[in-house]
Structure formats: C-alpha cells, structure tokens
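K.L.:
This is the structure alone, sequence omitted:
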C-alpha cells in the first residue's frame with residue numbers, strides 16, 4: 001500500500017490503547033536512506049511516558065512505532 005506524505009499531514013495520531021496524541025504536522029526522513037524516521041505531532045493530549053514535547057508543543061514519535069494508517073494513525077508506544 002502506498003501513502004503520500006501529504007496524506008499523513010493533519011491525520012490524528014492515537015496509541016493502540018486509544019489515547020489521543022495529536023495531529024501530524026510534519027515527518028522527518030533519513031536523507032541517506034530515504035526512510036521515514038520520525039512523526040512530528042502537534043500535541044493536544046497526554047504526553048506518553050518516556051516522551052516530551054518541545055518548546056513549540058511538538059511531540060516526536062519514531063516512525064517504527066506506527067502500526068496502522070487509515071482514517072487515523074495508530075502507534076504502539
């Protein structure tokens with residue numbers, strides 16, 4: 001299944017247990033491999049244990065935690 005980066009922008013992100021984390025504002029790619037590295041999320045919910053928001057209230061979640069991309073993005077953290 002192919003997904004465009006533009007399709008990810010503004011998608012809601014939740015954990016597999018249903019906690020809302022926020023909305024995707026950007027993604028970070030590894031320039032040498034071209035692989036998605038990080039989801040940048042505008043945080044509007046609780047910050048998961050082990051993570052923190054930056055000064056702009058953005059939460060960085062590793063892309064490898066993504067479990068599902070449909071109407072929303074589900075992550076396992």
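P.N.:
Great, that's in hand. All of these numbers come straight from a predicted model, not from anything done at the bench.

K.L.:
what about the most far-flung residue of the chain relative to its centre, distance to residue 9?
P.N.:
Ranked by distance from the centre of the chain (C-alpha atoms, centre = their mean), the top residue is residue 32, with 20.9 Å. Distance of residue 32 to residue 9, computed by C-beta to C-beta, to the nearest Å: 24 Å. From N, CA and C alone the C-beta is placed, and that goes for glycine too.

K.L.:
Over to residue 55?
P.N.:
21 Å.

K.L.:
out of the two, which sits in the busier spot?
P.N.:
Each of residue 55 and residue 9 has its neighbours counted (other C-beta atoms under 10 Å); residue 9 has more, 12 against 5.

K.L.:
before we move on, back to that, what helix or strand is the residue farthest from the centre of the chain on?
P.N.:
Using DSSP states H and E, residue 32 sits in no helix or strand.

K.L.:
Now for residue 12: which residues touch it?
P.N.:
20, 22-23, 72-73 (C-beta atoms under 8 Å, 6 or more residues apart in numbering).

K.L.:
I'd say residue 75 and residue 18 touch.
P.N.:
No - counting by C-beta atoms under 8 Å, residue 75 stays clear of residue 18, with 11.6 Å between them.
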